[in-house]
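Peer 1: Generate coordinates for the sequence data below:
(2 chains, ligands or ions: 2)
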Amino acid sequence: MLLKLSFSSMRKSFKDYLVLLFGLTISIAIFYMFQTLAQNKAFIESNAMISQIVFIFHVGSFILGAITVFYIFYATSFMLTLRQKEMGMYMTLGAKKGKITQLMFFETFFIGIISLVIGIVIGIGLAMGVAELFMWQLNFSGEGFEAFYISSLTTTVIFYIALFVLTSIVNAWQIGRKSVLNLLRADQKQDQIKTNGLKTFFGVFFALILIGVGYYAMMNMAEFKQFGVILATVTIIPGTYLIFISLLPYFIKKLKQNRSLNEKGINSFTLGQLRFRMLNLTKVLGTVAMLIALGLGAMTAGISFYHNIEIQSSMFHANDVVVHQPDNEDKEILEAIDFTEENVYHYKADGKSVYFLKEDLLNNPPGIKKFTDQFELPKTVRVDKALPDEKYSLYESENASGLPEDWQQALSTELNASYQMFGDKDIFIYSTTAYDKIPTDELQVTLGKVDDFTNYLPHLEKLNEGQLQLAESYRGENVEVVGGKYSNYIAFQAIASGTIFMGLFLGIAFLMMMASVLMFKLLSSAGSDVSRYNMLRKIGVRKGLLVKSIYRELFLLFLFPALVGLVHVLVGMQMFSFIIIEPYAKIWIPISIFLLIYGIYYWITVQMYKRIVLPKEI
Amino acid sequence: MNQHVLHVKNLNKVYGKKSENQYHALNNVSFDMARGEFVGIMGSSGAGKTTLLNVISTLDSATSGTIEIAGTNITAMKQGQLADFRSEQLGFIFQDFNLLENLTVYENIALPLSLQGVSSKKIKPSVHKVAGKLGIEAILEKYPVTISGGQKQRAAAARALVHEPAMILADEPTGALDSKNAKSLMETLVHLNENLDTSIMLVTHDPLSASYCQRILFIQDGKLFKEIHRKNSRTAFHQEILDVLAEFAE
Ligand SMILES: Nc1ncnc2c1ncn2[C@@H]1O[C@H](COP(=O)(O)OP(=O)(O)OP(=O)(O)O)[C@@H](O)[C@H]1O
Ligand SMILES: [Mg+2]
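Peer 2: Ligands and ions are numbered 1, 2, ... in the order given. The predicted structure is shown next:
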């Protein structure tokens, strides 16, 4: 009988259960998605550029696990608040406590199992979709990655079943523990929190110390290594929570104490709403801030690694394009490229050697990258050493002078007159008189610079194919790398793309988790706001004003964790400063992407919230 | 100028859509209320009292008929105008207390003034004045959860009175009060009615509370059934009300 009642009442508050189911499902999907990477050790290890990344990964997985545990407990306790009033009613009508306890246990467990099934299906789909998207974007084969991964599936199922058994027991115990009166009046209670200046001061003080230590560890990650990752984790997480717990209630209280602000229009209500749920909110906002930091951090790191490829490949080459003996097809491609500088140099080649024309080189001296002693990126300079002699040789030779160092670099790196192109031929620079005596046909090489190297990757790929064939004809063997900036770029990309992939994949997972936590928190409490908004309508508050109040309330809730999360990310990027050359270059890209998505997400939440709480127009 | 604060003509309210079970909650109700009058509405449970109050108070729409309040035809007003009208001209005391539990009693009472843009300097004396009259000064800083049912009722009354509206609509305001508190709330209403010329419409089951009114309308099954005026003492009026109720019961 009671079971029947409980099902019918679940049907009645279907909307609330939908919110609950949605929250649980997303959490499960993301946990699974994360596990597809975390459990795939071979994939991580072969794709992480440094061992710290593997370790950071494990710490991230631990944090996600911990957040999931809290989240599930929180979400299922929402179920308790949904049901307790009715359970109290059953008890006043004579239902036995044991029966009620049992009922609560099964209801919680039942919802858990349903969401587990849906969640895993969604998780597999998500893992597949997100992985495909990034692999395609990154040109990354992602060998070894599997969206449907049995070991992750098992872990997810075991983890969640254990969690649901636990939360079901807790819910049952909670119901059993409360008196009938408490159950009946459950929806009237509020979080009363006491704040005082001294407590706030010490709270903020300790929070800042903790976060400071964590920041220090992150900035000096190269020295601290794995210990640094652990240190940062155990300081920054509690520090973040402490900031929210101590500062936010104090802040709202101060705002409320400002009489002329509080008593203006609907402000007292807006602030009252915030204050009313502060205790719950501080924890949720702390969690959201951490998830933003992790998600945005992973994404930013991924994008930084991506950007790093270009910086790294620009380090050695002043020229973006080098093409030996362009054929007609190559010439067409070169036409299509918008060069900021383009030079052609002539040379001849015979069976043993390659001879560059000195006057060509001196007329248009090529740029090279010059390393300084300082720890900074090499600068482009033009070779300005004179070449007074008749003949010079790149390698040691009896009948030619030795080539000055800058010219050596210009020939072998910029003009790619190297083993990679010409095999074991000798490389000379001859003045016109000597050069004219060489009986073979004259050949040429084009050097060029462009504004944005990455804009021309498809062109460069085609040109590279031609150069590989040319090198094969000289070297008489299969050639895979021919030299030049593009070759470098491809090599660096191959090393980094696995790491980038992991960064983006995890970034998305964390941000989705963040969205789910925040949305769940806001929507799960919206139900109890309905009567308040209805009341306001009755005493004559215009709808526009109610909407404004909602926008403001949610704005504050979205703002604080975003701020804290952003600061964490900005400092956190220091972790990679020893491997990424410019960790902050183009950081505006991931941040603006994040802000855009977060903004849209804020707007959607407001709309959903409005639909739940605003009274229907008559 | 119109002598009537309220003019109701041929008012009908039907619940439920055409296709569904319809319920005729108000049936051709017409009456007037003079400016500064104190009118009581009585009737058995389910007679349509709350419905009448909701329609007059612009919270619910009428199916047909006209309602004019202070010379304005509210059946022709837009949503936003109705909201403004409510916040300026009307004060409500509901059957359920309807305090906002996330605000202190003080903030609850201050809300109508805040909404009208009154400065917080002026709000404070107004709130204390009305709280003093209703004897709830001591609980102003408390939250609704921590006060008694009667105190909630008085806080709700204070919120309805604080902006000195043209008309107060009260649905069973004394329902949860003991006789002493009920008496003091009724006396506050009478005081307001006499000194500030506030028109009051009061729904009640309690003959004693009703005896403070100048006129009582009885409704039965959505129709106006009887109307009595107070001519002399309150005690005599009380007796008269009891007689009508007895007549009902037959
Ligand atoms: N939203 C609604 N939909 C359908 N019927 C309704 C609705 N509200 C009220 N009714 C019906 O209209 C009739 C009048 O209800 P109303 O609330 O006005 O009664 P009342 O006189 O205030 O009673 P009470 O003294 O018990 O408060 C009742 O029969 C009720 O069932
Ligand atoms: Mg009623």
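
Peer 1: So which residues on the stretch 201-350 of chain A come close to chain B?
Peer 2: Within the stretch 201-350 of chain A, the positions adjacent to chain B are A:259-260, A:262-269, A:272-273, A:275-276 by Cβ under 8 Å from any Cβ of the partner chain. (Glycine included, C-beta is placed from N, CA and C.)

Peer 1: got TSV for these, with secondary structure, neighbour count and pLDDT too?
Peer 2: Written out in TSV, the entries for those read as follows (DSSP: H, G, I helix; E, B strand; the rest coil; neighbours: other Cβ atoms under 10 Å in any protein chain shown; pLDDT from 0 to 100):
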residue	secondary structure	neighbour count	pLDDT
A:Arg259	helix	15	81
A:Ser260	helix	11	81
A:Asn262	helix	20	82
A:Glu263	coil	24	81
A:Lys264	coil	17	82
A:Gly265	coil	17	81
A:Ile266	coil	19	83
A:Asn267	helix	18	85
A:Ser268	helix	26	86
A:Phe269	helix	27	87
A:Gly272	helix	24	85
A:Gln273	helix	25	83
A:Arg275	helix	22	82
A:Phe276	helix	23	79
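
Peer 1: Among those, which pair sits farthest apart?
Peer 2: The span of these, defined through Cβ to Cβ, is set by A:Ser260 and A:Phe276 at 21.6 Å.

Peer 1: can you give me the strands in chain B?
Peer 2: Secondary structure of chain B (DSSP state E): strands at B:4-15, B:23-34, B:38-42, B:64-69, B:72-73, B:90-93, B:167-171, B:199-203, B:215-220, B:223-229.

Peer 1: Report whether the last one contacts ligand 1.
Peer 2: So the one you mean is strand B:223-229. No - contact of strand B:223-229 with ligand 1 is not found when judged by Cβ under 6 Å from any ligand atom; the minimum separation is 12.0 Å.

Peer 1: by contact count, what packs against that strand?
Peer 2: Counting contacts by 3 or more Cβ pairs under 8 Å, 6 or more residues apart in numbering or on different chains; DSSP states H and E, strand B:223-229 is packed against strand B:23-34, strand B:215-220, helix B:234-249.

Peer 1: In TSV: those, plus mean pLDDT, mean neighbour count and distance to A:Ile580.
Peer 2: As requested, the helices and strands packed on strand B:223-229 are arranged in TSV below (pLDDT from 0 to 100; neighbours: other Cβ atoms under 10 Å in any protein chain shown; distance: least, Cβ to Cβ, whole Å):
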stretch	mean pLDDT	mean neighbour count	distance to A:Ile580
strand B:23-34	90	17	72
strand B:215-220	92	20	79
helix B:234-249	86	14	86
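
Peer 1: Just the element for A:Val547, please.
Peer 2: helix A:543-572 (DSSP states H and E).

Peer 1: Next, the buried residues of the helix or strand just after that helix.
Peer 2: Using DSSP H and E, the helix or strand that follows helix A:543-572 in sequence is helix A:588-613. Neighbour counts over helix A:588-613 (16 or more other Cβ atoms under 10 Å in any protein chain shown) mark A:Pro590, A:Ile591, A:Phe594, A:Tyr598, A:Tyr601, A:Tyr602, A:Thr605, A:Val606, A:Tyr609, A:Lys610, A:Ile612, A:Val613 as buried.

Peer 1: can you count the residues close to whichever residue of the stretch 301-450 of chain A sits closest to chain B?
Peer 2: Residue nearest to chain B within the stretch 301-450 of chain A: A:Ala301 (41.3 Å; Cβ to the nearest Cβ). Other residues within reach of A:Ala301, judged by other Cβ atoms under 10 Å in any protein chain shown, total 27.

Peer 1: State the distance from the nearest residue to B:Gln89 once chain neighbours are set aside to A:Pro326.
Peer 2: For B:Gln89, ignoring the flanking residues on the chain, the nearest one in space by Cβ to Cβ, 6 or more residues apart in numbering or on different chains is B:Ala166 at 4.6 Å. Distance, B:Ala166 to A:Pro326, using Cβ to Cβ, to the nearest Å: 91 Å.

Peer 1: contacting residues for A:Leu443?
Peer 2: Counting by Cβ atoms under 8 Å, 6 or more residues apart in numbering or on different chains, A:Leu443 makes contact with A:His324, A:Gln325, A:His346, A:Tyr347, A:Lys348, A:Ala349.

Peer 1: Distance of the residue lying closest to B:Thr72 once chain neighbours are set aside relative to B:Leu59?
Peer 2: Counting by Cβ to Cβ, 6+ apart, B:Thr72 lies nearest to B:Phe85, which is 7.2 Å off, once chain neighbours are set aside. From B:Phe85 across to B:Leu59, the span is 11 Å (Cβ to Cβ).

Peer 1: same question, B:Asn27
Peer 2: 20 Å.

Peer 1: what residue is smack in the middle of chain A?
Peer 2: Nearest to the mean C-alpha position of chain A, counting by Cα atoms, centre = their mean, stands A:Met299 at 1.6 Å.

Peer 1: For stretch B:164-183, which residues meet the burial criterion?
Peer 2: Of all the residues in stretch B:164-183, those buried under the rule 16+ other Cβ under 10 Å are B:165-177, B:181-182.

Peer 1: What's the mean pLDDT across it?
Peer 2: Taken as a whole, stretch B:164-183 carries a mean pLDDT of 83.

Peer 1: what about that stretch, how long is it end to end?
Peer 2: Its first and final residues considered, stretch B:164-183 spans 21 Å by Cα to Cα, to the nearest Å.

Peer 1: Over to stretch B:28-47?
Peer 2: End-to-end distance of stretch B:28-47 (Cα to Cα): 14 Å.

Peer 1: is it anywhere near ligand 1?
Peer 2: Yes - on the criterion Cβ under 6 Å from any ligand atom, stretch B:28-47 is in touch with ligand 1 at B:Gly43, B:Ser45, B:Gly46, B:Ala47.

Peer 1: Would you mind measuring from the last one to A:Asn220?
Peer 2: Noted for B:Ala47: a distance of 79 Å to A:Asn220, by Cβ to Cβ.

Peer 1: Out of these two, name the residue with the larger neighbour count.
Peer 2: Counted by other Cβ under 10 Å, B:Ala47 and A:Asn220 do not tie: B:Ala47 has more neighbours, with 22 against 16.

Peer 1: got the phi/psi numbers for the more buried one?
Peer 2: Torsion angles at B:Ala47 (phi, psi; degrees, to the nearest 10) stand at phi -70, psi -20.

Peer 1: Specify the beta-bridge partners of the closest residue in space to it that isn't next to it in sequence.
Peer 2: Ranked by Cβ to Cβ, 6+ apart and with sequence neighbours excluded, the top spatial neighbour of B:Ala47 is B:Ile219, at 5.0 Å. With DSSP bridges as the criterion, B:Ile219 is bridged to B:Leu224.

Peer 1: Now do the same contact list for B:Ile219.
Peer 2: B:Ile219 neighbours (Cβ under 8 Å, 6+ apart): B:Val29, B:Ile41, B:Met42, B:Gly43, B:Ala47, B:Gly48, B:Lys49, B:Leu52, B:Phe225.

Peer 1: run the last query once more with 6 Å
Peer 2: B:Gly43, B:Ala47, B:Gly48, B:Phe225 (Cβ atoms under 6 Å, 6 or more residues apart in numbering or on different chains).

Peer 1: out of those, who's nearest chain A?
Peer 2: Ranked by distance to chain A (Cβ to the nearest Cβ), the contacts of B:Ile219 are led by B:Gly48 at 17.4 Å.
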